[in-house]
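Enquirer: Return atomic coordinates for the entry below.
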Amino acid sequence: MARLIVVICGLMGTGKTTVAKALAAAQGWPVIHSDAVRKTLAGLDPTTRMPLEFGAGIYRPEFSRRTYEEMRRLAREYLEQSPGVILDGSYKSASERALLRELAEATGVKLAFVHCTCPLEVVRQRLLHRAANTQAISDGRLELQLLQAEDFDPLGAADQPLLQLDTGGEPEEVLAELQGFLNRYLS
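Expert: Below you'll find the predicted structure:
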């Protein structure tokens, strides 16, 4: 069976982490969460809240590059023991997605992008729920969501294969759609 990197990407609050965890449980693959990697690199406990301005502190571009570099390193390491690995992060930068394509090519691994989307009202509800959850790892907040949307490089022809996944439906149906996409890609 072909080895595979699945990139679960999109804006904050669109369900990336929930989808990544569900796929990891179904496939038995490791998942690398950008929020956890970022905070670990900063010497923080993953659930430590960092209510920073957009693009500041551990979210400034240089620190984000370091975070995604570490995720690529971990992915390479995990792929030595697992047929697949799941990367959970915004991947808002076309250059970061290009580096993943380079990694896949260099290691002979297949790569698939899953862009999570859902209605804005669902995003708002999720971000409000997250704000009240003391165990949440993500610092994504409602007031940052529109700023992130403006800063997101659109996925395009280079980011293929690509599944545009609406995560607003029932979790089982969302996972089934994702698994169907991956099965078609790998067959």
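Enquirer: quick one: buried residues of stretch 119-137?
Expert: Of all the residues in stretch 119-137, those buried under the rule 16 or more other Cβ atoms under 10 Å are 122-123, 126-127, 130, 136-137. For the C-beta atoms, the positions are set from N, CA and C on the backbone; glycine is no exception.
Enquirer: Which of those fall within helices?
Expert: In helices, defined here by DSSP state H, the members of the buried residues of stretch 119-137 are 122-123, 126-127, 130.
Enquirer: sorry, back to before: wait, which of the buried residues of stretch 119-137 is closest to Ala20?
Expert: Sorting these by distance to Ala20 puts Ile137 at the head of the list, at 12.0 Å, by Cβ to Cβ.
Enquirer: per-residue confidence at the closest one?
Expert: For Ile137, the pLDDT comes out at 73.
Enquirer: thinking again about what came up before, from the ones in helices among the buried residues of stretch 119-137, which has minimum pLDDT?
Expert: Lowest confidence among these: Arg130, with 76.
Enquirer: I figured that one hits Leu142, correct?
Expert: No. Counting by Cβ atoms under 8 Å, Arg130 does not reach Leu142; the two are 9.4 Å apart.
Enquirer: Common neighbours of these two, please.
Expert: Taking Cβ atoms under 8 Å, 6 or more residues apart in numbering as the criterion, Arg130 and Leu142 both touch Gly13.
Enquirer: Save the ones in helices among the buried residues of stretch 119-137 as TSV, and put in distance to Met50 too.
Expert: Shown next, in TSV, are those (distance: Cβ to Cβ, whole Å):
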residue	distance to Met50
Val122	24
Val123	20
Arg126	19
Leu127	15
Arg130	13
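Enquirer: Quick check: the farthest pair among the residues you listed?
Expert: Greatest spatial distance among these (Cβ to Cβ): Val122 and Arg130, at 12.5 Å.
Enquirer: Buried residues, the helix-or-strand element of the chain with minimal mean pLDDT. List them.
Expert: Every helix and strand of the chain was ranked by mean pLDDT, DSSP states H and E. The lowest is helix 142-150, at a mean of 80. Residues of helix 142-150 classed as buried: 142, 144-145, 148 (neighbour count, 16+ other Cβ under 10 Å).
Enquirer: Pop out the phi and psi values for Thr117.
Expert: Main-chain torsions, Thr117, degrees, to the nearest 10: phi -140, psi 160.
Enquirer: Bridged to it, which residues?
Expert: Legend: beta-bridge partners of Thr117 under DSSP bridges are Asp166.
Enquirer: Please give me every residue in contact with it.
Expert: Applying Cβ under 8 Å, 6+ apart, we find Thr117 in contact with 10-11, 14, 164-167.
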